[in-house]
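Asks: no sequence for this one, just the structure:
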């Protein structure tokens, strides 16, 4: 399955990396890809929880921070983590429609 998925460093999960149209894969290969995707999808809520924990820690630091530059940096980091969470939810909702989304 390694050739059908690539690690996305930003999101911290593997994403589909299909190099041909979904219909060009055999039924068996499609089923194997979907099974692997379901395993990855199952991990997404845990990954989101990890990121939310990081956000909470940064927000706690932000509430005690008096240095303006450091506050701006923490806000930027929080925004990036929130963006990652948003993207993870989009992938989570992709469900079994990876055939259409993955090769675009």
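Replies: Here it is on my side, so go on. Everything quoted here is computed from the prediction, not taken from an experiment.
Asks: and the strands in the protein?
Replies: In the chain, the strands defined using DSSP state E lie at 5-8, 13-16.
Asks: retrieve the pLDDT associated with the residue in the chain sticking out farthest from the centre.
Replies: Residue farthest from the centre of the chain, counting by C-alpha atoms, centre = their mean, is residue 66 at 32.5 Å. We have a pLDDT of 92 for residue 66.
Asks: gap between it and residue 20?
Replies: 56 Å (C-beta to C-beta, to the nearest Å). (Each C-beta comes from the backbone N, C-alpha and C, glycine too.)
Asks: what about residue 15, neighbour count?
Replies: The number of residues packed near residue 15 is 17, by other C-beta atoms under 10 Å.
Asks: what's the neighbour count on residue 8?
Replies: Counted with other C-beta under 10 Å, residue 8 comes out at 15.
Asks: where does pLDDT dip in this protein?
Replies: Within the chain, the stretches with pLDDT under 70 are 95-104.
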